[in-house]
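Undergrad: coords below, sequence missing:
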């Protein structure tokens, strides 16, 4: 005799950056194990892959919402929504004291997390005639290495360039190769590359400022949790 199948509740949300509609369900015990195993490794790449595997299982319309291609901010937002529907709206995080370094377990309300700023303008004018249009970083464009190298950073930047325009002529990703794009980047002056770098430095992340009193020495602390790894460390 077959055991009954439990039907999971369906939810929908709109991603804040791409504005895509997502249908999802809470994660199950089998998917929570994926995240717990990833978290035990304490490596950012393992945590990210665990989060992605979990979301791939929980999102119904992955054909429409390509999880590796949506902006990182959308991915973080979606994970928090799934986590709240699955295991509650709060999470306990161990935070070390700035004075004595003793860890205090602090309860964080996930509903209070938000993007820390506005999205940067994604068109950069390099000269009077030449400019580029950028996309937001995604898992597809982020470096796979745990420690980013100069080459991997350039690969990430190249992966985020969606268009190059010269006067009235517009070149899309179908019009040039990655090799040609990297050769184009090599021609940038320091000032032009700084404009490009500022775009990524100003990229908002999901964050929340946390205040707590150390259980060891009684000192008041404040820290900004930023990104999934901080919230679920």
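TA: That came through, no problem. All values reported here derive from a predicted model rather than from experimental measurement. Residues are numbered from 1 along each chain as shown.
Undergrad: and the residue nearest to the spatial centre of the chain, what does it touch?
TA: Most central in the chain under C-alpha atoms, centre = their mean is residue 72, positioned 2.8 Å from the mean C-alpha point. Taking C-beta atoms under 8 Å, 6 or more residues apart in numbering, we find residue 72 in contact with 136, 137, 138, 139, 142, 203, 205. Just so you know, the C-beta spots here come from the backbone N, C-alpha and C atoms, and that holds for glycine as well.
Undergrad: Closest to residue 54 out of these?
TA: In terms of C-beta to C-beta, no member of the contacts of residue 72 lies closer to residue 54 than residue 139, at 13.4 Å.
Undergrad: Which parts of the protein are strands?
TA: All strands of the chain, identified by DSSP state E, fall at 11-14, 21-24, 90-96, 103-109, 114-115, 123-125, 130-134, 161-166, 169-172, 206-213, 220-226.
Undergrad: For those, which has the smallest mean pLDDT value?
TA: Comparing mean pLDDT across the strands of the chain, the lowest value falls on strand 114-115: a mean of 88.
Undergrad: How far does that one sit from its chain's centre?
TA: Distance of strand 114-115 from the chain centroid (C-alpha atoms, centre = their mean, to the nearest Å) equals 12 Å.
Undergrad: What is it packed up against?
TA: strand 206-213 (3 or more C-beta pairs under 8 Å, 6 or more residues apart in numbering; DSSP states H and E).
Undergrad: One more pass at 10 Å, please.
TA: helix 72-87, strand 206-213 (3 or more C-beta pairs under 10 Å, 6 or more residues apart in numbering; DSSP states H and E).
Undergrad: Show residues contacting that strand.
TA: When contacts are defined by C-beta atoms under 10 Å, 6 or more residues apart in numbering, strand 114-115 is touched by residues 16, 17, 73, 76, 77, 203, 204, 205, 206, 207, 208.
Undergrad: What pairs with that strand, parallel or antiparallel?
TA: Sheet pairing here is set by DSSP bridges, and for strand 114-115 it gives strand 206-213 (antiparallel).
Undergrad: Tell me which residues of the strand it pairs with come out buried.
TA: The neighbour-count check on strand 206-213 (16 or more other C-beta atoms under 10 Å) flags 206, 207, 208, 210, 212 as buried.
Undergrad: roughly how far is stretch 209-224 from the heart of the chain?
TA: Centroid displacement of stretch 209-224 relative to its chain, using C-alpha atoms, centre = their mean, is 26 Å.
Undergrad: same thing with stretch 150-160?
TA: Taking C-alpha atoms, centre = their mean, one finds the center of stretch 150-160 at 16 Å from the center of the full chain.
Undergrad: Right, I'll leave it there.
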